[in-house]
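Undergrad: how would this look folded up:
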Amino acid sequence: MNAGTTAPTASAPAAKTPGSVPRATEEVPAPRRRRFTAEFKREVLAEVDAAAPGEIGAILRRRGLYSSHLTEWRRQRDEGTLAGLTPKKRGRKAAAVNPLAEENARLQRELAKANARAKRAEGLVDLQKKMAALLGEEIPSEEELFEAQRKGLPIPPWRKKGTR
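TA: Now for the predicted structure:
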């Protein structure tokens, strides 16, 4: 090498070329879909309609638009749909809500809660029966309980086995 020229150093950043790929350390913003309001579309269409034929390209460049935008917006305007000038929501359409679905879900939750409560109550009754068996006491039968309740009598107490 000549004394007048210097070799590029490793610390100097490489110059960006138009087709270069960004490095991992550089932040690249995620692409965003542009949305145009109905008011903006009407404003651009009014400006383009008032312009001479050679000026339309300059208006599009200044606003960052394509001729396909004008074509689509004119078609929407000619159809007379003001809602058509507003941006369309992307993605799947919302499913129609069945009016009975909410009530069905609520009733299913209530049933599950009642079933869980009944299962706990049965477990407590089984525990009481086991305790009574260990203590040698007799638990009144369901018929005795229903009969006492029907007659308005107090619920029969537990009895020691063999004391009937």
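Undergrad: List the contacts of the residue minimising distance to the centre of the chain.
TA: For the chain, Ala94 is the residue whose C-alpha lies nearest the centre (CA atoms, centre = their mean; 11.3 Å). Contacts for Ala94 (CB atoms under 8 Å, 6 or more residues apart in numbering) come out as none. For every residue, glycine as well, the C-beta is placed using N, CA and C.
Undergrad: and it, helix, strand or coil?
TA: The three-state assignment at Ala94 reads coil, by DSSP: H, G, I helix; E, B strand; the rest coil.
Undergrad: Return the distance of it relative to Glu147.
TA: Per CB to CB, to the nearest Å, Ala94 is found 58 Å from Glu147.
Undergrad: now the strands: where do they sit in this structure?
TA: Here the chain has its strands, by DSSP state E, at 137-138, 159-160.
Undergrad: How many residues are close by Trp73?
TA: 21 (other CB atoms under 10 Å).
Undergrad: Check Ala148 too.
TA: 14.
Undergrad: Least confident secondary structure element in the chain?
TA: Lowest mean confidence among the helices and strands of the chain (mean pLDDT, DSSP states H and E): strand 159-160, at a mean of 54.
Undergrad: Quick check: pLDDT value at the nearest residue to Ile155 once chain neighbours are set aside.
TA: Excluding its sequence neighbours, the residue lying closest to Ile155 (CB to CB, 6 or more residues apart in numbering) is Ala148, at 5.6 Å. We have a pLDDT of 82 for Ala148.
Undergrad: Noted, bye for now.
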